[in-house]
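Asker: Fold the following for me, if possible:
(chains A, B, C and D)
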Number of protein chains: 2
Amino acid sequence: MAQTGSRAVDEKAASAGESGEAKTRILAAAERLFAEHGYSGVSLRSIMAEAEVNTASIHYYFRHKEGLLRAIFEMRVTPMNEERQERLAALERDRSEGAPEVGAVLRAFIEPAIRRTRAKGGQAFNRISALCSVDPDPAVRQVVFDSYDTVSRRFTALLRKACPHLDDEEFYWRQHCIYGSMMYMRTDNGRVAYLLGDRGAGHSEVALQQLLVFLTAGMAAPGANTAGVAGA
Amino acid sequence: MAQTGSRAVDEKAASAGESGEAKTRILAAAERLFAEHGYSGVSLRSIMAEAEVNTASIHYYFRHKEGLLRAIFEMRVTPMNEERQERLAALERDRSEGAPEVGAVLRAFIEPAIRRTRAKGGQAFNRISALCSVDPDPAVRQVVFDSYDTVSRRFTALLRKACPHLDDEEFYWRQHCIYGSMMYMRTDNGRVAYLLGDRGAGHSEVALQQLLVFLTAGMAAPGANTAGVAGA
DNA sequence: GAAAAAATCAATCACTTGATTGAATCAGTC
DNA sequence: GACTGATTCAATCAAGTGATTGATTTTTTC
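Answerer: Numbering: from 1, shown residues only, chains lettered A, B, ... in the order given. Next up, the predicted model:
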């Protein structure tokens, strides 16, 4: 019970001494517990116990339970969104002629997410993000929305241009398959770990590759109004 | 508040008079509320209020909250599993020569689920099933497992035979994409309803078709060791 | 080293949760 | 009409929930 509080959160935690400051310890404990039991399945008391802080500390630093969740999302999502924005911007720039490639757009969006599985605590947040994405609680939904909406719109717009062979309805249905696949993979109920056997390190690479092959093929499949051959 | 208790559950509820018996009303209310707020987001008290029954009734009929969830699953899943078993068995019979077709296997598994969206309360249960599929609560996971495991294994075995172009690892990764897509579609956070506009009736047909196109293409995509052309 | 700010603490509030009890009511049967 | 099993009822339990308070300690700042 004593050595569980030293889980690092990000670079901040890595530089912090022995057990880190209280705020950092709270974030680390909350992240681990949210990933394991979901947002509503974790009480503030259990977080405080694992972080070894006082009852009022969470409210002091984050006001609400929701504020704590939001802080976790901001900590993790901000750098990822920056990377996504850069890569999407690069794709928008590069396409001097015609539409961007489906696979490239998908990779620009998915890779920054899957890659962070390798970072310390990244796997935990992956699962939090996936669980919260389908959480019925409006407060949780709002946090997810605020975190992903802007970049998600840009991704959608670019992917749309990469799929001229689909009409709007087809495109949006297939995009839901993309989100579903991503989410399910990030949920990781131990299935993924089982599949990988011992080579847990290569996890993200394999997952990314397999996911991209599947989704690219699905998006590239001809639509109802597709006359000739589909792209690439 | 008074007319909300008459939501039908299935044929049993349809034949029940005015507001139905208590047990049926409880099931109907629970199904609606679980679909809206998730399993953990609903208290027994709110169910009892909507069903207009006494506090102890739920424990009388279902023992636990978990027993209530299990009853809902059994009520809905049993007939669906029968249909799935029949269709999978037909596919196993028909393949006199070679492997079954990917699309046919997928359809046999997915259609019985999506189709039931049209039944009264079917949409609600679809969402319950999807939410529970990623619920971190072990009790909930057990209910889902008990409901789907047997048929799911049979589906997996048959789909595997339809994908000789994939090695085991590729196959299982892609299968996760299938489950993810199905789950996300059944979650239905209002996105699907939005996409369909006013023609809510055709919902299941369109969803099924789009889903099948995407998943079939994804599974049919060549694997790393695929030499020639992938199956039609 | 005193004043101010930040952080930590124990104690508790008001409320909700799932579950249980034992009495009261109903329905059907002989 | 009494007996019996199936329901329904009000009342309540023990435990857990997020949140708040006000005092105390630690750290920073001048």
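
Asker: buried residues in stretch A:52-69?
Answerer: Of the residues in stretch A:52-69, A:52-53, A:57-58, A:61-62, A:65, A:68-69 count as buried by neighbour count, 16 or more other C-beta atoms under 10 Å in any protein chain shown. Glycine gets a C-beta too; all of them are placed from N, C-alpha and C.

Asker: and the longest helix along chain A, what does it pack onto?
Answerer: Identified as the longest helix of chain A according to DSSP state H is helix A:65-94. If you count contacts as 3 or more C-beta pairs under 8 Å, 6 or more residues apart in numbering or on different chains; DSSP states H and E, helix A:65-94 packs onto helix A:22-37, helix A:57-62, helix A:102-115, helix A:122-133, helix A:138-161.

Asker: Against which helices or strands is the last one packed?
Answerer: Packed against helix A:138-161 by the contact rule (3+ C-beta pairs under 8 Å, 6+ apart) you find helix A:65-94, helix A:102-115, helix A:122-133, helix A:168-187.

Asker: Let me know the secondary structure of the nearest residue to residue A:38 once chain neighbours are set aside.
Answerer: Leaving aside its chain neighbours, residue A:38 sits nearest to residue B:136 (4.3 Å; criterion: C-beta to C-beta, 6 or more residues apart in numbering or on different chains). Recorded secondary structure, residue B:136: coil (DSSP: H, G, I helix; E, B strand; the rest coil).

Asker: JSON lines for the helices and strands packed on helix A:138-161, including mean pLDDT?
Answerer: Listed next are the helices and strands packed on helix A:138-161 as JSON lines, based on pLDDT from 0 to 100:
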{"stretch": "helix A:65-94", "mean pLDDT": "95"}
{"stretch": "helix A:102-115", "mean pLDDT": "94"}
{"stretch": "helix A:122-133", "mean pLDDT": "93"}
{"stretch": "helix A:168-187", "mean pLDDT": "92"}
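
Asker: For those helices, please prepare a markdown table with the additional fields distance to DNA strand C.
Answerer: Shown next, in a markdown table, are those (distance: least, C-beta to the nearest atom of the strand, whole Å):
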| stretch | distance to DNA strand C |
| --- | --- |
| helix A:65-94 | 14 |
| helix A:102-115 | 31 |
| helix A:122-133 | 19 |
| helix A:168-187 | 24 |
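
Asker: And those helices: which comes nearest residue B:95?
Answerer: helix A:168-187 (26.8 Å; C-beta to C-beta).

Asker: what's the distance between the residue lying closest to residue A:158 once chain neighbours are set aside and residue A:175?
Answerer: Among residues not flanking residue A:158 along the chain, residue A:105 sits closest, at 5.2 Å (C-beta to C-beta, 6+ apart). For residue A:105, the distance to residue A:175 (C-beta to C-beta, to the nearest Å) stands at 11 Å.

Asker: what's the overlap in contacts for these two?
Answerer: residue A:159 (C-beta atoms under 8 Å, 6 or more residues apart in numbering or on different chains).

Asker: which one of the two has more residues nearby?
Answerer: A direct count of neighbours by other C-beta atoms under 10 Å in any protein chain shown for residue A:105 and residue A:175 places residue A:105 higher, at 27 against 21.

Asker: Spell out which residues sit in contact with the more buried one, please.
Answerer: Counted by C-beta under 8 Å, 6+ apart, residue A:105 has contacts A:88, A:91, A:155, A:158-159, A:162.

Asker: For burial, what's the neighbour tally of residue A:36?
Answerer: 13.

Asker: who touches it in this structure?
Answerer: A:42, B:136.

Asker: Try it again at 6 Å.
Answerer: With contact set as C-beta atoms under 6 Å, 6 or more residues apart in numbering or on different chains, residue A:36 has no partners.

Asker: Likewise for residue A:178?
Answerer: By C-beta under 6 Å, 6+ apart, the neighbours of residue A:178 are residue A:215.

Asker: For chain A, which residues are neighbours of chain B?
Answerer: Residues of chain A lying close to chain B by C-beta under 6 Å from any C-beta of the partner chain are A:37-38, A:40-41, A:134, A:136, A:172-174, A:176-177, A:179-181, A:184-185, A:187, A:195, A:210, A:213-214, A:217-218, A:221.

Asker: Quick check: PyMOL command selecting the buried ones in those residues.
Answerer: The buried subset of the residues of chain A next to chain B, as determined by 16+ other C-beta under 10 Å, is captured in PyMOL by this line:
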select buried, chain A and resi 37+38+40+134+136+172+173+174+176+177+179+180+181+184+185+187+195+210+213+214+217+218+221
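
Asker: and the closest residue to DNA strand D within chain A, how many neighbours?
Answerer: Nearest residue of chain A to DNA strand D (C-beta to the nearest atom of the strand) works out as residue A:43 at 3.0 Å. For residue A:43, the neighbour count with other C-beta under 10 Å is 12.

Asker: Please apply the same query to residue A:168.
Answerer: Residue A:168 has 9 nearby residues by other C-beta under 10 Å.

Asker: what about it, distance to residue B:205?
Answerer: According to C-beta to C-beta, residue A:168 and residue B:205 sit 18 Å apart.

Asker: What of residue A:73?
Answerer: In terms of C-beta to C-beta, residue A:73 sits 37 Å off from residue B:205.

Asker: likewise residue A:93?
Answerer: For residue A:93, the distance to residue B:205 - C-beta to C-beta - is 41 Å.

Asker: Tell me which other helices or strands the helix or strand hosting residue A:212 touches.
Answerer: Assessed by DSSP states H and E, residue A:212 sits inside helix A:203-220. Using 3 or more C-beta pairs under 6 Å, 6 or more residues apart in numbering or on different chains; DSSP states H and E, the elements in contact with helix A:203-220 are helix A:102-115, helix B:168-187, helix B:203-220.
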